[in-house]
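Peer 1: Pasting the sequence and the predicted model now:
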Amino acid sequence: MNSPQSSPGEATPRTPRETPQSPLTYSDSIVVAATPEALYAMVSDITRMGQWSPVTTSCWWDEGDGPEVGAWFTGRNEAPGRDPWETRCQVAAADPGREFAFIVGGTWTRWGYAFAPVPGGTEVTESWEMLPGGLERFGQRFGDGAAGQVRDRYETARRGIAATLAAIREAAESGR
């Protein structure tokens with residue numbers, strides 16, 4: 001997708017920028033030509049996550065829940081070399097136009113989206129953090145291989161966040 005030419009004084013859309021981080025956290029940002037409220041509405045509708053994520057294929061609210069703190073949803077995921085799996089996630093932040101976040105397994109991994117108005121639209125930051133409960137779970141599940149599994153999840157998040165942000169921008173700017 002080519003970037004449109006900007007007029008003097010008009011913001012030029014930025015491409016995602018990467019920030020060096022530890023292997024337990026990662027985030028990336030992109031500017032989208034849409035309002036923070038519109039982007040929040042898209043991202044907090046977790047039933048759409050399969051449209052953007054390279055790993056998550058579908059999500060649904062559990063027991064009639066919706067995007068509010070404490071609500072639970074289930075996501076179905078697929079990745080090369082792994083059987084498909086489902087995880088339950090609990091909403092940790094639901095602040096319209098500002099932040100939407102959830103924690104996989106209730107204690108394992110925190111995924112978040114922050115929205116900040118900037119010239120030309122909204123800076124959307126997606127973040128991933130392996131939590132102490134996730135490290136404990138990986139230690140119990142994978143033993144001596146836990147560190148390698150955590151590195152693999154970090155790399156999956158690093159690649160996936162860039163792809164997800166680009167897909168969200170495409171959907172928002174094309175009206176899909």
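Peer 2: Received, thanks. Numbers count the residues shown, from 1 in each chain.
Peer 1: and residue 113, that one's in a strand?
Peer 2: Yes - assigned with DSSP: H, G, I helix; E, B strand; the rest coil, residue 113 falls within a strand.
Peer 1: isn't it right up against residue 122?
Peer 2: No - taking contacts as C-beta atoms under 8 Å, residue 113 lies outside contact range of residue 122: 10.6 Å. Where C-beta positions appear, they are placed from N, C-alpha and C, glycine not excepted.
Peer 1: Lowest average confidence across helices and strands of the protein, where is it?
Peer 2: strand 17-18 (a mean of 45; mean pLDDT, DSSP states H and E).
Peer 1: Give the next helix or strand downstream of it.
Peer 2: On the C-terminal side of strand 17-18, the closest following helix or strand by DSSP states H and E is strand 25-32.
Peer 1: For residue 75, see how far away residue 37 is.
Peer 2: 24 Å (C-beta to C-beta, to the nearest Å).
Peer 1: again but with residue 135, I slipped
Peer 2: Distance of residue 135 to residue 75, given as C-beta to C-beta: 21 Å.
Peer 1: okay, the helix or strand containing residue 90 in PDB with CA atoms only?
Peer 2: Assigned by DSSP H and E, residue 90 belongs to strand 85-95. Only the C-alpha atoms of strand 85-95 are listed here, as PDB (Å, rounded to 0.1, in the frame of the first residue of the first chain):
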ATOM      1  CA  TRP A  85      -6.000 -24.400  20.700                       C
ATOM      2  CA  GLU A  86      -8.500 -22.200  22.600                       C
ATOM      3  CA  THR A  87      -7.800 -19.900  25.500                       C
ATOM      4  CA  ARG A  88     -10.100 -18.000  27.800                       C
ATOM      5  CA  CYS A  89      -9.200 -14.300  28.400                       C
ATOM      6  CA  GLN A  90     -10.400 -11.800  30.900                       C
ATOM      7  CA  VAL A  91     -10.800  -8.100  30.100                       C
ATOM      8  CA  ALA A  92      -8.400  -6.100  32.200                       C
ATOM      9  CA  ALA A  93      -9.000  -2.600  30.800                       C
ATOM     10  CA  ALA A  94     -12.000  -1.200  28.900                       C
ATOM     11  CA  ASP A  95     -11.700   2.600  28.700                       C
END
